[in-house]
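1. below: sequence and its predicted model.
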Amino acid sequence: MGALDNDTALEVREGVDRETIETVQAMAGKYKYGWETDIEMEFAPKGLNEDIVRLISEKNGEPDWMLEWRLAAYRRWVKMEEPRWAMLNYPEIDYQDQYYYAKPKSMTKKPKSLDEVDPKLLATYEKLGIPLKEQMLLAGVEGSDEPRKVAVDAVFDSVSVGTTFKEELKKAGVIFCSISEAVRDYPELVKKYLGSVVPQSDNFFATLNSAVFSDGSFVYVPEGVRCPMELSTYFRINAENTGQFERTLIIADKGAYVSYLEGCTAPKRDTNQLHAAVVEIVILDDAEVKYSTVQNWYPGDEEGRGGIYNFVTKRADCRGPRSKVMWTQVETGSAITWKYPSCILRGDDSQGEFYSIAIANNAQQADTGTKMVHLGKRTKSRIVSKGISAGRAQNTYRGLVSMHPKATDSRNYTQCDSLLIGDRCGAHTVPYIEVKNNSSRVEHEATTSKVDDDQLFYCRSRGMDEEEAVALVVNGFCKEVLQALPMEFAMEAQSLVAISLEGSVG
Amino acid sequence: MALAAQKSDALEARIARLDRPTAGWTAKARADALARLSSMGLPGKRDEYWRYTDPAGLNLAEAAAAALFDAQGEAPPFDGIDRLKLVFVDGVFDPAASDDPALAGVEISLLSKTGGADLHWAQGLYGTLEAAGQSPVARPFAAMNTAFATEGVMIRATGRAAKPVSLIYLHKSETSDAILHHCIKVESGAELTLLENGPAAARFSKVMEVDVADGGRFHHVRTQGRDHERRAITHIFARLGRESLFKSFTLTANGRLTRNECVIDLTGADAVAHVAGAAVGDGDFHHDDTVFVTHGAERCESRQVFKKVLKNGATGVFQGKILVRPGAQKTDGYQISQSLLLDEDSQFLAKPELEIYADDVKCSHGSTSGAIDETALFYLRSRGVPESTAKSLLVLAFLAEALAEIEDEALAEDIRSRLEGWLSRHER
């Protein structure tokens, strides 16, 4: 609900009294993580050119091959055009008016262990509820008898601050570190897999990322290893006018298993900030990867000022037979979301799943979905997408299901539901379905509806106020996706769904 | 810029042989349409709405030859239906084969006969709905049609038409390239049924603008020939007033290339629009249904039902959209597109879209693709039904939902028997 100051534009609808509208007004624009950390930063000069690319590479202490790879991407990017096919409306981005590298001064000399990290940085993560001390548990997990361990890689603007449980993971053979460390310490693995799922030439934003990515996480789970704990990366944008370009590379070797969580937040600002990430996942024979995201970048205020422009390329390549990937995302933040986590189902009998909740409130715009590319025989995919629009927000599901001629006996099921709250928002569905063999079955279903009055009335008659009732109904609407999340995230996601919709009733 | 020049050269070549009258009541609409066409250019494979259908055959300066088809004595569609027949041979009106265009409740005139006059009731309609339908998606062939149409029927229904008006398109020249543009106005409370059949030409472009006033009812049933090699690009642009009804059904049985676009604007409250299609394709067949329904008023209902049965490398395309404008509350929008792939060479490409800007609406779409249900086939065979009959039964059952959109029983029966005939001829 934006533009509430404009009384004439406001239509008081049936069952909505002035009081509700005033509450709405008071609530709009709540964002828990909007504070910033006051810390001395070191910036590369504003703008983007080959020198900046060289500088980022040098700051990361990268070998020549890595620099060449970046430069090749940069030279390609200069010739590319920004895609405009998404249902997103935003002013032209000035790519020269950004910082492409920002790191806390205290990180100039890389700390040897977490004990040496600037306390200010540690405090930042503590405030965000992210445990960087190994004895701490992830906030919000209650009632489990045995403490669950989660290893965290914390990325602050352009650099990784630290990674926890490294030693314990090493014992199991799992490599979990920042990508800049991986380039130095495991060049063979990085050379082999980087860009093999999302090539440098993939798309405008992925190519930009290939040129300027500063940090991100690297995971390698060796053959037959079940990763002993959940891995997570927490991204924090702090510095002003700074873009964040992280790159994540996950490799699950034959028969391996890993569950990976990703979280992100940013301070409240009136200007827009750019975030263009790439996530590549390689899954070999019989391996399985679960990738869960709670995206909570600053969404901008109720008038649509500020917020993150989030252009992300995520793709998993199920290379081996019987490999499996599951994407789960809860998208509540960002002013602009452009994101299509995809599955290439190359191995026979491989499986891809995509569960998504996208919530857009106020002036947010989200264009998100997935691609399921069936190449192998008997491959299976399932898409469950729930889009919720409120205020003046626009929410689009865009997806592709492609059954290649050789992907015989494959199966896809897609369900995308949209929920509209208020009469000034929009909900859109743009699926592409391409079936090129007849033994595969493809089913697509989509519905659009409003919050059911009967359900609301029932909740209200049981003594709930309207906001609580809406949150309950919406949580019910999202249930299928929330259930697919790891427990740590499910709790956070559930409350996020409620928070993101605060102020949208009416 | 080289690309822009190339595009404009291709367009110049495409329209070089076409003739545009610069006098008479359509002159202004034609000039405007040409200007629209010049700014759009011809479509290419890179255009979003042509990604699944290659427009090359429609872009060629001259129509590719299409062999004449021998129906081998088979009765033409709608044979037993009492109707007023208007016959066009390769796009040219044939008065000798046609009925006298006098019908109670209906006023009929021909573009070629009235085009020279300065005034005509259809002046406000010709090119108007086509122009409105160019946004947000450009439809260059429709603009080309408005600019260069050589013939067309202007039908105004002022009451309940005594019988259906039937347009019959015969194909007698192997390289004919026909452009027809019809305008239909159904006045308040009036009712009209329009039938169309036949391949028309080696290459056929047709635009039909239909304006249904408050409370008017319009029924449309067409068959696009069968087993002909023709290429066709057709457009229907419809505007619906309050409490009006629009129902259109199309049967397509083969044809080298068919693109049927249907653009419907529900502008009055409580209007109802149903668009349905059944397509059966065997071999070198490319069939594309592109439908765009806009809900601009409250309590309107729209249904899109498209079924395709494909074999031997046939391709079926469906691009459908339901757009609900702000304020179009209580909208009921439904869309289903399904394909039955009878062998592994055929393909189905679909893009069923929803774009919704109102909250109190019920909109859904579904799309499925798959082979014949083996268990259903097994059941029928276990009951003694021969395999080929069982397959035909299942195919007909699959198409039934689309056929159910034809309100008139006799017409529905006619279509059903044609389908049965086609299926039995194309068993292998």
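-> Received the coordinates, thanks. Since the structure is predicted, the reported quantities are computational estimates derived from the model, not experimental observations.
2. show the average pLDDT along the helix or strand containing residue B:335.
-> Here residue B:335, judged by DSSP states H and E, is contained in strand B:332-341. What strand B:332-341 shows for mean pLDDT is 95.
3. now do that strand: which elements does it pack against?
-> strand B:286-295, strand B:301-311, strand B:315-324, strand B:347-356, strand B:362-370, helix B:387-403 (3 or more Cβ pairs under 8 Å, 6 or more residues apart in numbering or on different chains; DSSP states H and E). Every residue, glycine included, has its C-beta placed from N, CA and C.
4. with only the CA atoms kept, save stretch A:451-458 in CSV.
-> Taking Å, rounded to 0.1, in the frame of the first residue of the first chain, the C-alpha atoms of stretch A:451-458 are listed here in CSV:
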residue,chain,number,x,y,z
VAL,A,451,-7.4,-14.3,-0.2
ASP,A,452,-10.6,-16.3,0.4
ASP,A,453,-13.1,-14.2,2.3
ASP,A,454,-14.6,-17.3,3.9
GLN,A,455,-11.3,-18.4,5.3
LEU,A,456,-10.6,-14.8,6.6
PHE,A,457,-14.1,-14.7,8.2
TYR,A,458,-13.5,-18.0,9.9
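5. helix, strand, or coil at residue B:169?
-> Secondary structure state of residue B:169, per DSSP: H, G, I helix; E, B strand; the rest coil, is strand.
6. so what's it up against?
-> For residue B:169, the contacting residues are B:88, B:91, B:178, B:180, B:196, B:197, B:198, B:199, B:200, B:201, B:204, B:225, by Cβ atoms under 8 Å, 6 or more residues apart in numbering or on different chains.
7. around chain A, which positions in chain B sit nearby?
-> Proximity of chain B to chain A is confined to B:48, B:326-327, B:329, B:339, B:341-344, B:346-371 under the rule Cβ under 8 Å from any Cβ of the partner chain.
8. give the contact list for the residue most central in space within chain B.
-> Of all residues in chain B, the one closest to the mean position by Cα atoms, centre = their mean is residue B:260, 4.3 Å from it. Taking Cβ under 8 Å, 6+ apart as the criterion, residue B:260 is in contact with B:232, B:234, B:236, B:250, B:252, B:277, B:288, B:289, B:290.
9. for ChimeraX, write the select line for the buried members of those residues.
-> Here the buried members of those are turned into a ChimeraX selection, burial being counted by 16 or more other Cβ atoms under 10 Å in any protein chain shown:
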select /B:232,234,236,250,252,277,288,289,290
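10. put together JSON lines for the contacts of residue B:260, with pLDDT on each row.
-> Shown next, in JSON lines, are the contacts of residue B:260 (pLDDT from 0 to 100):
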{"residue": "B:232", "pLDDT": "96"}
{"residue": "B:234", "pLDDT": "98"}
{"residue": "B:236", "pLDDT": "98"}
{"residue": "B:250", "pLDDT": "97"}
{"residue": "B:252", "pLDDT": "95"}
{"residue": "B:277", "pLDDT": "97"}
{"residue": "B:288", "pLDDT": "97"}
{"residue": "B:289", "pLDDT": "97"}
{"residue": "B:290", "pLDDT": "97"}
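11. hmm, back to that, please pick the buried ones from the residues of chain B next to chain A.
-> B:329, B:339, B:341-342, B:344, B:346-359, B:361, B:363-371.
12. in chain A, which residue sits nearest chain B?
-> Checking chain A residue by residue against chain B with Cβ to the nearest Cβ singles out residue A:438 as nearest, at 3.3 Å.
13. the nearest residue to that residue once chain neighbours are set aside and residue B:398, how far apart?
-> With Cβ to Cβ, 6 or more residues apart in numbering or on different chains as the criterion, residue A:438 has its nearest non-adjacent residue at 3.3 Å, and that residue is residue B:341. Distance check for residue B:341 against residue B:398: by Cβ to Cβ, to the nearest Å, it reads 11 Å.
14. cool, and residue A:181?
-> To residue B:398, residue A:181 is 58 Å away according to Cβ to Cβ.
15. got it, and residue A:176?
-> Between residue A:176 and residue B:398 the distance, using Cβ to Cβ, works out to 52 Å.
16. between these two, which has more neighbouring residues?
-> More neighbours surround residue A:176 than the other of residue A:176 and residue B:398, with 28 against 18 (other Cβ atoms under 10 Å in any protein chain shown).
17. roughly how far does the residue of chain B most remote from its centre sit from chain A?
-> No residue in chain B has its C-alpha farther from the mean C-alpha position than residue B:382, which lies at 40.2 Å (Cα atoms, centre = their mean). When Cβ to the nearest Cβ, to the nearest Å is applied, the distance between residue B:382 and chain A equals 22 Å.
18. okay, that residue: pLDDT?
-> The model's pLDDT for residue B:382 equals 95.
19. across the sheet, point out what pairs with residue A:385.
-> Beta bridges link residue A:385 to residue A:356, residue A:416, judged by DSSP bridges.
20. that one: how many residues sit nearby?
-> Residues within reach of residue A:385, counting by other Cβ under 10 Å, total 26.
21. would you agree it is in contact with residue A:416?
-> Yes. Residue A:385 is within contact range of residue A:416, at 4.2 Å (criterion: Cβ atoms under 8 Å).
22. quickly list what's touching both of the two.
-> Residues within reach of residue A:385 and of residue A:416 at once, by Cβ under 8 Å, 6+ apart, are A:369, A:397, A:399.
23. mark which of the residues you listed are part of strands, please.
-> Cross-referencing those with the strands (criterion: DSSP state E) gives A:397, A:399 as the overlap.
24. buried set for stretch B:281-301?
-> Neighbour count says stretch B:281-301 has B:281-282, B:285-301 buried, by 16+ other Cβ under 10 Å.
25. quick check: residue B:207 vs residue B:180, distance?
-> Residue B:207 sits 8 Å away from residue B:180, going by Cβ to Cβ.
26. comparing the two, which residue is more hemmed in?
-> With neighbours defined as other Cβ under 10 Å, residue B:207 and residue B:180 compare such that residue B:207 has more, 30 against 25.
27. correct me if wrong: residue B:365 contacts residue B:352.
-> Yes. With contact defined as Cβ under 8 Å, residue B:365 and residue B:352 form a contacting pair (4.5 Å).
28. who touches both of these two?
-> Common contacts of residue B:365 and residue B:352 (Cβ under 8 Å, 6+ apart): A:429, A:444, A:446, B:320, B:335, B:337.
29. so which of those residues would you say is closest to residue A:350?
-> Closest approach between these and residue A:350, by Cβ to Cβ: residue A:444, at 20.5 Å.
30. low-confidence bits of chain B, can you list those?
-> B:1, B:428 (pLDDT under 70).
31. from residue A:410, how far off is the closest residue to chain A within it?
-> Of all residues in chain B, residue B:341 sits closest to chain A, at 3.3 Å by Cβ to the nearest Cβ. When distances are taken as Cβ to Cβ, residue B:341 and residue A:410 turn out to be 13 Å apart.
32. also residue B:407?
-> 39 Å.
33. more crowded one of the two?
-> For residue B:407 versus residue A:410, neighbours defined as other Cβ under 10 Å are more numerous around residue A:410 (28 against 15).
34. number of residues surrounding residue A:372?
-> 25.
35. can you check the one 3 residues further on too?
-> Using other Cβ under 10 Å, the number of residues around residue A:375 comes to 19.
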